[in-house]
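Enquirer: model this:
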Amino acid sequence: MIDPLFWLGLSLFLVSFSLFAVLLVTIPTLQEVAKAARTAEKLFDTLNREFPPTLEAIRLTGREVGELTDEINQGVNSATGVVKQVDQSLVNAKQQVQQVQKNSRGLVAGVKTAWKVWQNPSNNNTPSNSVKNSKRWREPKS
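Expert: Take a look at the predicted model:
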């Protein structure tokens with residue numbers, strides 16, 4: 001049989017060759033990992049410098065949006081109040097116009113009647129004569 005020292009030597013050679021191959025593959029990988037770590041470090045430094053002011057700007061923007069929303073709500077409420085006042089004014093104006101129409105109809109009728117009476121003074125349509133001319137009126141017999 002073959003000598004066990006030969007097998008031991010062959011095993012050690014194969015293990016050392018495998019370790020050398022792994023080391024050859026690992027060196028470029030470790031270089032890329034180191035390069036990525038430096039890039040990540042630069043990114044983290046940039047974020048560390050830029051992130052707090054950005055967060056502060058976002059916070060201020062949120063506050064301003066809230067204030068603008070409050071102002072818009074106040075404007076809408078004010079406009080709603082104005083619209084309600086205008087609506088009430090229109091309702092009041094409509095009621096006043098209806099009242100004026102009623103009064104003007106009566107006035108027009110009165111003016112027409114006065115005109116007719118003034119134009120025909122011969123028709124003595126006084127209340128006492130109209131009562132006498134009606135069929136219900138009968139003069140008392142003496």
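Enquirer: In three-state terms, how would residue 2 be classified?
Expert: Look at residue 2: counting by DSSP: H, G, I helix; E, B strand; the rest coil, its state is coil.
Enquirer: Return the distance of it relative to residue 12.
Expert: Residue 2 sits 16 Å away from residue 12, going by CB to CB, to the nearest Å. For glycine as for every other residue, the C-beta is placed from the backbone atoms N, C-alpha and C.
Enquirer: Counting neighbours, go ahead and name the busier of the two.
Expert: residue 12 (10 against 7; other CB atoms under 10 Å).
Enquirer: Show me what the helix or strand that one falls within is packed up against.
Expert: Per DSSP states H and E: residue 12 is located in helix 4-119. Counting contacts by 3 or more CB pairs under 8 Å, 6 or more residues apart in numbering; DSSP states H and E, helix 4-119 packs against no other helix or strand.
Enquirer: What mean pLDDT does that helix get?
Expert: Taken as a whole, helix 4-119 has an average pLDDT of 91.
Enquirer: Determine how far it lies from the middle of the whole chain.
Expert: Relative to its chain's centre, helix 4-119 lies at 13 Å (CA atoms, centre = their mean, to the nearest Å).
Enquirer: list the contacts for residue 72?
Expert: With CB atoms under 8 Å, 6 or more residues apart in numbering as the criterion, no residue contacts residue 72.
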